[in-house]
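Colleague: compute the structure for the input listed below.
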Amino acid sequence: MDTQQDVIAVLVTDHREVEQMFSELEHMKGGISDQAKTLAEKVVIELVRHSIAEEEHLYPAVRQHVPGGGKLADQEIAEHADAEETMKRLEGLEPGDNDFWPTMGLLMSQIRDHIREEENDLFPRLRESCPPEQLVDLGGKVERAKKTAPTRPHPSAPDTPPGNKLLAPGAGLVDRIRDAITGRGR
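Modeller: Purely as a prediction, here's the structure:
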């Protein structure tokens, strides 16, 4: 029987998976292979799903439980918006394009900075101020949100509840249909 991980464990696992993909991409840097394009697509898919789940569930909990959490959540959401713009640019590029690898490098830098801030500041503060059972409940909500979340960047979509919770599942369905038709991320 699987026991549900708390939200911090779920998100740290996501961070490690993305970092692994970044490392693989760094070994391909400068190459123009289909493998690099597919891996870049997988990175974007995972980052978008992860970001949507954080915006729907993590940041509202940070606002509620962490002293000064509103400002902290706003900063994290702003970082997501910047990364989402970078992902949108990356989506239109191929590994042979002059801007592909610099854009991928920018995305890696943005995400690594974001991960460092979350793991060194936000997560410890949340663990200290939020009841453990609620962290476990949030872990389940994040896992479920990732399953229906969009897989493509939508920079103009709302980043905070209730708008994001209303629109994300529909956008996610459309994205997954597009991905299935085009073979994106396989």
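Colleague: the bottom helix or strand of the protein by mean pLDDT?
Modeller: The least trusted helix or strand in the chain, going by mean pLDDT, DSSP states H and E, turns out to be helix 163-182, with a mean of 62.
Colleague: what's next to stretch 96-105, contact-wise?
Modeller: For stretch 96-105, the surrounding residues in contact (CB atoms under 8 Å, 6 or more residues apart in numbering) are 25, 29-30, 32, 40, 86, 89-90, 93-95. C-beta here means a position set from N, CA and C on the backbone, and glycine is covered the same way.
Colleague: sorry, that was for stretch 65-72
Modeller: Contacts to stretch 65-72, defined as CB under 8 Å, 6+ apart, come from residues 62-63, 121-122, 125-126, 129-130, 134.
Colleague: buried subset of these?
Modeller: Members of those that pass the buried threshold by neighbour count (16 or more other CB atoms under 10 Å) are listed as 62-63, 122, 125-126, 130.
Colleague: restricted to helices, list the residues you listed.
Modeller: 62-63, 125-126 (DSSP state H).
Colleague: now the helices for the protein?
Modeller: Listed in chain order, the helices found in the chain under DSSP H are 7-28, 34-53, 59-65, 69-91, 100-117, 123-129, 132-148, 163-182.
Colleague: pLDDT below threshold where in the chain?
Modeller: By pLDDT under 70, the low-scoring segments of the chain are 1-2, 154-180, 182, 184.
Colleague: neighbour-wise, which of the contacts of stretch 96-105 leads?
Modeller: With neighbours taken as other CB atoms under 10 Å, the top of the contacts of stretch 96-105 is Ala40, carrying 25 neighbours.
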